[in-house]
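> Build me a model from this:
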Amino acid sequence: LLELLPPLAPRYYSLSSSPLGPNGPGSIEFAFTVVEYATPSGAKRAGLATTYLAAIAAAVEAGPQDHVVPNLYCFAKPTPSFHLPEDPATPCVLIGPGTGVAPFVGFAQHRLAQADEAARGKLELYFGCREEKTDFLYRDSLEAAVAGGALGRLVTAFSREQAEKIYVQDRLREDGPHVAELVLKQGAKLYVCGDGGAMFKGVNGALVRWK
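Okay, the predicted model is just below:
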């Protein structure tokens, strides 16, 4: 039976670190959401890759154990079109709700190492999640990037902390003239990473309004 089954498809995760970052080129970081759900019959199911990774992360966090943490075999899938501009003076607008924020943490590390503040174009990040206390991924890193000057602005949207749900596309509508000025007049590059469904359509609608 095992010989007849196809191999599992690889899982792809965006790196949230830069080779120019504080940990150097020999270390990588990434974020993932542990998948857990119930089937129509009520049976509980868990994502294969994310559950496995979460168990390894918990073992590492717990410190030295009798058992050995298994090796992870991974490979890189280059994304030639998704990287910072070569000119570090180019401003960028980054839109990354949820785990979509991961690559932009690496962007901030990279931009910080690229040039000194006088020659560094600002990155503006729009980040959204359900609740600030439980879902604000990389908060310390992002706030440090603001303090260090790599991020010019960090705009957040917490969708479940008020009666009316607020998403990153709502923040973009509020900042429409400012974003249009950056992209159309200052030559800023715009990046979107995250859910390719409703969020992408909402962001596109908010941006098209100001084109």
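> in the longest helix belonging to the chain, what's buried?
Looking across the chain with DSSP state H, the single longest helix is helix 48-62. Within helix 48-62, the residues that count as buried by 16 or more other CB atoms under 10 Å are 50, 53-54. Where you see a C-beta, it was placed from the backbone N, CA and C, and this is true even at glycine.
> Distance from it to the middle of the chain?
Remark: helix 48-62 is offset 20 Å from the chain centroid, using CA atoms, centre = their mean, to the nearest Å.
> just checking, what packs against that helix?
Helices and strands touching helix 48-62, as assessed by 3 or more CB pairs under 8 Å, 6 or more residues apart in numbering; DSSP states H and E, are absent.
> partners of the helix or strand following it, with directions?
For helix 48-62, the following helix or strand on the C-terminal side (DSSP states H and E) is strand 92-95. Using DSSP bridges, strand 92-95 pairs in its sheet with strand 123-129 (parallel), strand 189-192 (parallel).
> Pick the most deeply packed of those.
strand 123-129 (a mean of 25; mean count of other CB atoms under 10 Å).
> which residues touch Ala38?
Contact analysis of Ala38 by CB atoms under 8 Å, 6 or more residues apart in numbering lists 44-45.
> Report the beta-bridge partners for it.
Bridge pairing for Ala38 - DSSP bridges - gives Lys44.
> quick one on the thing from earlier: pLDDT for the buried residues of helix 48-62 - can I get that in CSV?
Compiled in CSV, those are given as follows (pLDDT from 0 to 100):
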residue, pLDDT
Thr50, 90
Leu53, 89
Ala54, 89
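> Which of the residues you listed sits closest to Cys129?
Thr50 (17.3 Å; CB to CB).
> Surely that closest one touches Thr33?
Yes. Between Thr50 and Thr33 there is a contact under CB atoms under 8 Å: 6.7 Å.
> so where's the chain shaky on pLDDT?
64-69, 196, 210-211 (pLDDT under 70).
> swap the cut-off to 80 and go again
Low-confidence segments of the chain, defined by pLDDT under 80, are located at 60, 63-73, 115, 117-118, 195-198, 209-211.
> State the distance from the closest residue to Pro70 other than its chain neighbours to Asn71.
Using CB to CB, 6 or more residues apart in numbering and skipping residues adjacent in sequence, the residue nearest Pro70 is Ile56, 6.8 Å away. Distance from Ile56 to Asn71, counting by CB to CB, to the nearest Å: 10 Å.
> And for Ala113?
Remark: distance between Ala113 and Asn71 (CB to CB) = 29 Å.
> Compare the two and say which is more crowded by neighbours.
Using other CB atoms under 10 Å, the more surrounded residue of Ala113 and Asn71 is Ala113, with 15 against 7.
> pretty sure that one is touching Pro22, no?
No. Look at Ala113 against Pro22 with CB under 8 Å: they stay out of range, at 9.0 Å.
> Would you quantify the distance from the closest residue to Ala49 other than its chain neighbours to Thr50?
What sits nearest to Ala49 in space, not counting adjacent residues and going by CB to CB, 6+ apart, is Arg11, at 4.3 Å. According to CB to CB, Arg11 and Thr50 sit 8 Å apart.
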